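Student: can't give you the sequence, but here's the structure:
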């Protein structure tokens, strides 16, 4: 009998109930192995604690980690429903490079034709960003901001070497500032966009687990 371990799982982390609802699925694996969806709770501390706790569990100890959910766009011309694929995540504690960015962009373009995909640094914040602060963060080179991605990926790589990535859906942009997260339920459907990206996450998972040549 073979004792070789099976494919590493995929852990998809989000913060909010509406994000978790969009990502919720029947019990099934992605192309690369088992898949788990974690609702971390809102904010960097909650994300860091939740991810560290889950990755300490042996079945998920080797998991690839992908942070997702909604974000605020920083660049002029961004619109709700646009997608952000992070090249790296940043917060005051450090920067984490993302794996398979080009693959994610390619697969998102195939899965959601016509939907704009932005790539660049994704920065972290411990609060909802408003007004002039958006321009200040943009001046650092970041293209989008959220409260959990940077903490999620930093926590993930601190527990062991693994592929990590972050894909976010813009719900709040310079010309389209969001009043409250509940308004996502109506109008522009960032919810539907987020729900549509699961096949892309599975394809990323399958490819980042392939042996490097």
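Tutor: Great, that's in hand. What you are looking at is a predicted structure, and each value in this text was computed from that prediction instead of being measured.

Student: report pLDDT for residue 149.
Tutor: With respect to pLDDT, residue 149 scores 97.

Student: can you check the distance spanned by stretch 18-34, start to finish?
Tutor: The straight-line separation of the ends of stretch 18-34 (C-alpha to C-alpha, to the nearest Å) is 23 Å.

Student: swap that for stretch 36-47, sorry
Tutor: 15 Å.

Student: pull out the buried positions in that stretch.
Tutor: Neighbour counts over stretch 36-47 (16 or more other C-beta atoms under 10 Å) mark 37, 38, 39, 40, 42, 43, 44, 46, 47 as buried. Every residue, glycine included, has its C-beta placed from N, CA and C.

Student: centre of the chain to it, how far?
Tutor: Offset of stretch 36-47 from its chain centre (C-alpha atoms, centre = their mean, to the nearest Å): 11 Å.

Student: and the contacts of that stretch?
Tutor: 9-17, 19-20, 23-25, 49-51, 54, 60, 63, 67, 91, 124, 126, 147-148, 150-152, 155 (C-beta atoms under 8 Å, 6 or more residues apart in numbering).

Student: what about the chain, any weak spots by pLDDT?
Tutor: 1-6, 25-33, 174-189, 210-213 (pLDDT under 70).

Student: can you map out the strands along it?
Tutor: Secondary structure of the chain by DSSP state E: the strands cover 10-14, 35-39, 64-73, 83-91, 94-97, 117-124, 144-146, 164-172.

Student: which residue, neighbours along the chain excluded, lies closest to residue 93?
Tutor: Once flanking residues are discounted, residue 93 sits nearest to residue 154: 6.2 Å by C-beta to C-beta, 6 or more residues apart in numbering.

Student: these two touch, right, the one you found and residue 89?
Tutor: Yes. Using C-beta atoms under 8 Å, residue 154 makes contact with residue 89 at a distance of 7.4 Å.

Student: looking at the two, which one has more neighbours?
Tutor: Each of residue 154 and residue 89 has its neighbours counted (other C-beta atoms under 10 Å); residue 89 has more, 27 against 23.

Student: where's the closest residue to that one other than its chain neighbours relative to residue 122, distance?
Tutor: Of all residues not flanking residue 89 in the chain, residue 150 sits nearest, at 4.1 Å (C-beta to C-beta, 6+ apart). Distance check for residue 150 against residue 122: by C-beta to C-beta, to the nearest Å, it reads 7 Å.
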